[in-house]
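**Student:** sequence and predicted structure are below.
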Amino acid sequence: MTAQGWTHPVRRAEKPSDPDKVRWLLGKVQTWQPYVDGLLLDDLAAVLDDYSPSEEEVEDFALRLRGHLMRLANLALTSKVAERDEVVAELVERARDIRSEELPGDHRQAVGHVRRMAWNVNELLERLVETQCLKAAA
């Protein structure tokens, strides 16, 4: 079977008959998060603005930015854009490196670390839009 607009064969969908599979699928749908949402854009704006996050905010931003990096990097890898685009591959590698770093104990260094994460999120997001892996965020 070939779907309209696709150049490769597509399997017919199989309805899960097992109630456990249906619950699992429902759980996946209910916990799905878009790759680009208002929170991602708000976090970028807050961290990259002239405003300097407080000590309490830095940890929250670091946690959320790590999540944003992970989602975008996973998208780049699963869509195979990282294999076709050298810039995306470099940004994914940088995302892995920066995500694995511990948040510095010094507030100024922690703010710098969070800003580097935000720049990486921003650059990866822009490149994924350029490569048409994602649509431009509103």
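**Tutor:** Received, thanks.

**Student:** hey, let's count contacts and neighbours off CA atoms from now on
**Tutor:** Will do.

**Student:** so which residues make contact with the helix or strand where Arg115 lies?
**Tutor:** With the criterion set as DSSP states H and E, the secondary-structure element containing Arg115 is helix 107-130. Outside of helix 107-130, the residues that reach it under the criterion CA atoms under 8 Å, 6 or more residues apart in numbering are 43-44, 47-48, 52-53, 55, 58, 61-62, 65-66, 68-69, 72-73, 76, 87-88, 91-92, 94-95, 98-99, 103-104, 134-136.

**Student:** buried ones only from those, please, as a ChimeraX command.
**Tutor:** Of the contacts of helix 107-130, the buried ones go into a single ChimeraX selection, burial set by 16 or more other CA atoms under 10 Å:
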select :43,44,47,48,53,58,61,62,65,66,68,69,72,73,76,87,88,91,92,94,95,98,99,103,134
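
**Student:** which members of the contacts of helix 107-130 occur in strands, if any?
**Tutor:** When the contacts of helix 107-130 are checked against strands using DSSP state E, none is located there.

**Student:** which of the contacts of helix 107-130 fall in helices?
**Tutor:** Helix and strand membership here follows DSSP state H; of these, those in helices are 43-44, 47-48, 55, 58, 61-62, 65-66, 68-69, 72-73, 76, 87-88, 91-92, 94-95, 98-99.

**Student:** rewinding a little: go through the helix holding Arg115 and flag the buried ones.
**Tutor:** Residues of helix 107-130 classed as buried: 110-118, 120-122, 124-128 (neighbour count, 16+ other CA under 10 Å).

**Student:** next, the angle from that helix to helix 86-100.
**Tutor:** 150 degrees (axes from the mean of the first three to the mean of the last three CA atoms, to 10 degrees).
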